[in-house]
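> fold the following.
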Amino acid sequence: MGMLVQKGAGTATLRTLSILLSLLVPAPATRSPDCGGILTPSGLSYFAEVSKPHAERVLRQDLMAPAAPETFLGSPKPSRNQINSVSVAELSLSLVPHAGLRLSIDADLSISPTPSTTTVTRLSILADLHVEMNPEGNLELVTSACRPTLEGSQSIEEIASKSSDSDLDKEINIDKICLEVSKLLLLPNERLISLSAQFPITPSCQLQYLPLAVPMFSEQGITISLQTIFQVAGMAIPLPVSPMPFSMPEPASSSPSHLILAFSEHFYASLFFALEMSGTFNMTLLSPLTTATLAEHIPQDVAAGLLLSVTDTRMMVTAAGAEDVELSLAASNVGPVPAALLEQLFLPTIREEVPAQLNAVLSEGVFLPHIFSFTYTNFNVTIHRDYVLVSCNLKFQEQPGGTPHPPVLAGAGATGVGSPITTQEHCFPLGTGQVPVTSS
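Prediction:
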């Protein structure tokens, strides 16, 4: 009858060996995107809106505390002009195609030249910003130009150069304002760094989204291309080369969504390849035969209908059912086995167990590219021929204490408040693997 195979032992050895051999193969030198995103003008306006209270807090802290270090005021000495309050009347961000962003801030300063007198002065800040990539590969928001003004069209430089009895005009530190103008937004550089954080898929498999270049600025929004790196046991694995280069599709000019994410079919193929390499899909099917081991390995090619939905910042992947299962006998110690008998014995089990295993593995979902303190709402998932589009709105969630940190894996049951979930079905190949089959 031949040699019996200990349940799971041979497959575990082969799987471990295949992982070790794959890790020894150097990753391809070429870098190509497999996903990306577009922050639309609506999304940029929302970011400016939620930055307004933060800018007001920073200006109050700096302008109303002249004796504290690191302030906008040039002299720590008490001034005759006491700033009583700071109110940001307007904060806006606009796109400058092929260049970057333009930041505009109007703040009203309530000033008391004397204890019995109060006047209001308008501080306006106009700055041009662009994005650079530092040597570590992280994106940074950098100030290209900055022009602060007080009351009308005169710049602070022009006011300070003239004789004036106003201590405020002379004490505003224009260099300090322009040097730290980006901090008036919601910590953009810390949030850009969090985009490249590692996110868990399973305990042994992680993914990381890496920007390949600085974003492109156009009238349609800010477009960024990303490459996904998958890690198994803490080491990056080489992925199959995409047969076709992926580029972000052009968004609809009238899209009301804040953000549009796009994922190529190669992204999903790489995801399942990484999970397969980590041994996540390994399973043992028990044969109803009790006389001997029927077969050592039965290769499958399995196509499953996947239901895609979004919860918070995670894409939920659910297998609707295994289809087009092909069984062939790789080895047998009981002689030839008719294909009809294989299907009769194992096909119902495989059709039931493969989707169940997939759903168990991906029960926590797959993290989408995102920055900390922002979650996604009003989702819409659209399946195209070669890619998946996720359009959504942003929702700012301020962290206690305001300390920036990358997001951590949350429970799968959490969901954004008032966030409708749109589900789409699509068939993706789950890859080719070997399912060990032993007798009961």
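> beta-bridge partners for the nearest residue to Ser87 once chain neighbours are set aside, please?
In space, and not counting its chain neighbours, Ser87 is closest to Asp108: 4.7 Å by Cβ to Cβ, 6 or more residues apart in numbering. All C-beta atoms are positioned from the backbone trio N, CA, C, and that covers glycine. Beta-bridge pairing for Asp108 (DSSP bridges): Ser87, Arg122.
> Asp108 touches Arg122, doesn't it?
Yes: between Asp108 and Arg122 there is a contact under Cβ atoms under 8 Å: 5.9 Å.
> which residues do those two both contact?
Listed as contacting both Asp108 and Arg122 by Cβ atoms under 8 Å, 6 or more residues apart in numbering are Ala89.
> returning to that earlier point: the residue nearest to Ser87 and Gln61, how far apart?
As judged by Cβ to Cβ, to the nearest Å, Asp108 and Gln61 stand 16 Å apart.
> same check on Leu101?
With Cβ to Cβ as the criterion, Leu101 and Gln61 are 24 Å apart.
> please say which of the two ends up with more neighbours.
The neighbour comparison of Leu101 against Gln61 (other Cβ atoms under 10 Å) goes to Leu101, with 21 against 14.
> can you pull the contacts of the more buried one?
Taking Cβ under 8 Å, 6+ apart, we find Leu101 in contact with Leu44, Leu93, Ser94, Leu95, Asp128, Leu129, His130, Phe217.
> hang on, it is in a strand, isn't it?
Yes: Leu101: assigned to a strand according to DSSP: H, G, I helix; E, B strand; the rest coil.
> what number of residues lie near Ile177?
Per other Cβ under 10 Å, the neighbour tally for Ile177 reads 22.
> host element of it?
helix 174-179 (DSSP states H and E).
> what's downstream of that helix, the next helix or strand?
Remark: after helix 174-179, the chain's next helix or strand is helix 188-194, criterion DSSP H and E.
> CA atoms only: put that following helix into PDB for me.
Taking C-alpha atoms only, helix 188-194 is exported to PDB below (Å, rounded to 0.1, in the frame of the first residue of the first chain):
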ATOM      1  CA  PRO A 188       1.300  67.500   8.200                       C
ATOM      2  CA  ASN A 189       4.800  66.000   8.200                       C
ATOM      3  CA  GLU A 190       4.100  63.700  11.100                       C
ATOM      4  CA  ARG A 191       1.000  62.500   9.300                       C
ATOM      5  CA  LEU A 192       2.900  62.000   6.100                       C
ATOM      6  CA  ILE A 193       5.300  59.800   7.900                       C
ATOM      7  CA  SER A 194       2.500  57.700   9.300                       C
END
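> ok, Val214 to Ser182 distance?
Distance, Val214 to Ser182, by Cβ to Cβ: 16 Å.
> which one's more surrounded, those two?
More neighbours surround Ser182 than the other of Val214 and Ser182, with 18 against 14 (other Cβ under 10 Å).
> leaving out chain neighbours, which residue sits closest to the more buried one?
Closest to Ser182 by Cβ to Cβ, 6+ apart is Leu141, at 5.3 Å.
> and the one you found, how far is that from Pro215?
Here the criterion is Cβ to Cβ. By it, Leu141 lies 10 Å from Pro215.
> shared neighbours of those two, which are they?
Common neighbours of Leu141 and Pro215 (criterion: Cβ under 8 Å, 6+ apart): Val131.
> neighbour count winner among these two?
Neighbours were counted for Leu141 and for Pro215 using other Cβ under 10 Å; Pro215 has more, 21 against 18.
> which residue, other than its chain neighbours, is closest to the more buried one?
Nearest non-adjacent residue to Pro215, counting by Cβ to Cβ, 6+ apart: Ile224, 4.4 Å away.
> tell me the domain boundaries of the protein?
For the chain, the structural domains run 9-40+196-439, 44-189, going by automatic domain parsing.
> where among those domains is the average confidence lowest?
Here the domains of the chain differ in mean pLDDT, and the lowest is domain 9-40+196-439 at a mean of 74.
> now do the helices in the stretch 151-300 of the chain.
Counting by DSSP state H, counting those that start in this stretch, the stretch 151-300 of the chain has helices at residues 156-161, 167-171, 174-179, 188-194, 265-277.
> show me what Leu308 is bridged to.
Val317, Gln424.
> what about the residue nearest to Ser182, distance to Leu91?
The gap separating Leu141 from Leu91 is 15 Å, by Cβ to Cβ.
> please apply the same query to Leu239.
According to Cβ to Cβ, Leu239 and Leu91 sit 42 Å apart.
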